[in-house]
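**Student:** this one's structure only:
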């Protein structure tokens, strides 16, 4: 790939994830402090990600793959997204906020597939070239968190002044920039052949359900859905938790989780090759349980190191489970179901699993909310830790050792 093309794609990835990271991490804190939303409202807001993940295949499969160049759809979506973000910046209550956010996430989630398609279309060897491009997305997410903490918008004083609202304005501005920039990206024509009929089952990955006939894969598939329930607690509650207990620069500190993603993504092939699939997945699920125990017993003072370790474990939790799972899914799918199998596992995890998780996190957080509007965070965090342990035990008991093609 030419350096100029690589630079353009890397900039696209940076902007894509900077936009997402600039509001997603702090949304729970914003809703609670600026819009006085309940825990159930916050869980409903985060559930828009799951709704978007479920609906995304319709947009990508029915529109992007068949009628329009991917870079043009990406541009249009982000320009519309800039307007929606500005509406969210101006929102005064949850009833006006939620429908706009839902509309935004239904549009935004397909862009995660679109930026990948645009990148892959320019690559001769995606296995070697894609990681160099994708890592700039993670850097973009980190940059957003560092910027918010540098400006102090997540500090207690700024929360009282409502400055966290500015995250939506930043997202609107950069969404507009990416919208315009997208029209300059390399041409990525529709993948579908003219005259082909649209298959809903293929778009949703449902034709890959035949993979569940393999007992081991069925155990992994169910475990993937179940482990996304405790994962949702992290996305929904981590920033409000850190802010409520008085951790300074909480958003910047949460960016440590993305730094660890980069580190453990580099370590994954070595660990995977030495210990195999089952042990890699076991380590990931154990890290989930340990992470929440650290959150349960950590605090903003002497126990601050426990919070940092808990955040840092995000790299193991995410990379060792999800990336390994994608490799495992690919090895079982074969050429016929490669794309649909990845679509199915995404629909199951980010769609079904996290939808259940966001709902559960909202109910549990509200249950442990006292009359002073403060949470019993220790009890809250021990619940997803316990769920992680149960999923781990289920997986260890029923998943058999299996040799698969290992990543280079």
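**Tutor:** Everything's here; your move. Computed from a predicted model, the values in this text were never measured in an experiment. Numbering: from 1, shown residues only.
**Student:** could you pull out the helices for the stretch 101-250 of the chain?
**Tutor:** 126-151, 156-161, 166-182, 200-203, 215-244, 250-254 (DSSP state H, counting those that start in this stretch).
**Student:** and the shortest one, what's its mean pLDDT?
**Tutor:** This means helix 200-203. For helix 200-203, mean pLDDT rounds to 62.
**Student:** again with the longest one
**Tutor:** Across helix 215-244, pLDDT averages out at 93.
**Student:** can you give me the angle that helix makes with helix 126-151?
**Tutor:** Here the directions of helix 215-244 and helix 126-151 differ by 20 degrees (axes from the mean of the first three to the mean of the last three C-alpha atoms, to 10 degrees).
**Student:** Name the residues of helix 215-244 that come out as buried.
**Tutor:** Across helix 215-244, burial judged by 16 or more other C-beta atoms under 10 Å covers 216-217, 219-244. Where you see a C-beta, it was placed from the backbone N, CA and C, and this is true even at glycine.
**Student:** Stretch 107-124 too?
**Tutor:** Going by 16+ other C-beta under 10 Å, stretch 107-124 has these buried residues: 107-119, 121-123.
**Student:** Please compute how far that stretch lies from its chain's middle.
**Tutor:** Centroid separation between stretch 107-124 and its chain, computed with C-alpha atoms, centre = their mean, to the nearest Å, is 16 Å.
**Student:** now swap in stretch 216-231 and tell me
**Tutor:** Remark: stretch 216-231 is offset 16 Å from the chain centroid, using C-alpha atoms, centre = their mean.
**Student:** neighbouring contacts of that stretch?
**Tutor:** Identification of contacts with stretch 216-231 by C-beta atoms under 8 Å, 6 or more residues apart in numbering yields 211-212, 281, 285, 288, 292, 317, 321, 325, 328-329, 332, 345, 348-350, 352-354, 356-357, 360, 384-385, 387-388, 391, 394-395, 398-400, 402.
**Student:** Give me the buried subset of those.
**Tutor:** Buried subset of the contacts of stretch 216-231 (neighbour count, 16+ other C-beta under 10 Å): 211, 281, 285, 288, 292, 317, 321, 325, 328-329, 332, 345, 348-350, 352-354, 356-357, 360, 384-385, 387-388, 391, 394-395, 399.
**Student:** ok, back up a step: looking at the helices of the stretch 101-250 of the chain, which is nearest to residue 55?
**Tutor:** Nearest to residue 55, of all the helices of the stretch 101-250 of the chain, is helix 200-203, at 10.8 Å by C-beta to C-beta.
**Student:** Quick one: neighbours of residue 370, just the number.
**Tutor:** Close neighbours of residue 370, defined as other C-beta atoms under 10 Å, add up to 8.
**Student:** What are the phi and psi values at the residue nearest to it when sequence neighbours are not counted?
**Tutor:** In this structure, residue 370 finds its nearest non-sequential neighbour in residue 376, 7.1 Å apart by C-beta to C-beta, 6 or more residues apart in numbering. With angles defined as degrees, to the nearest 10, residue 376 sits at phi -90, psi 80.
**Student:** where's residue 376 relative to residue 385, distance?
**Tutor:** Counting by C-beta to C-beta, to the nearest Å, the separation of residue 376 from residue 385 is 14 Å.
**Student:** same question, residue 226
**Tutor:** Distance, residue 226 to residue 385, by C-beta to C-beta: 14 Å.
**Student:** what does residue 137 give?
**Tutor:** Distance, residue 137 to residue 385, by C-beta to C-beta: 29 Å.
**Student:** Could you do residue 373 as well?
**Tutor:** Using C-beta to C-beta, residue 373 is found at 24 Å from residue 385.
**Student:** Residue 49 too?
**Tutor:** Separation of residue 49 from residue 385 (C-beta to C-beta): 22 Å.
**Student:** ok, now which ones touch residue 49?
**Tutor:** By C-beta under 8 Å, 6+ apart, residue 49 lies in contact with 105, 109, 235, 350, 354, 358.
**Student:** If we use 6 Å, what do you get?
**Tutor:** residue 105 (C-beta atoms under 6 Å, 6 or more residues apart in numbering).
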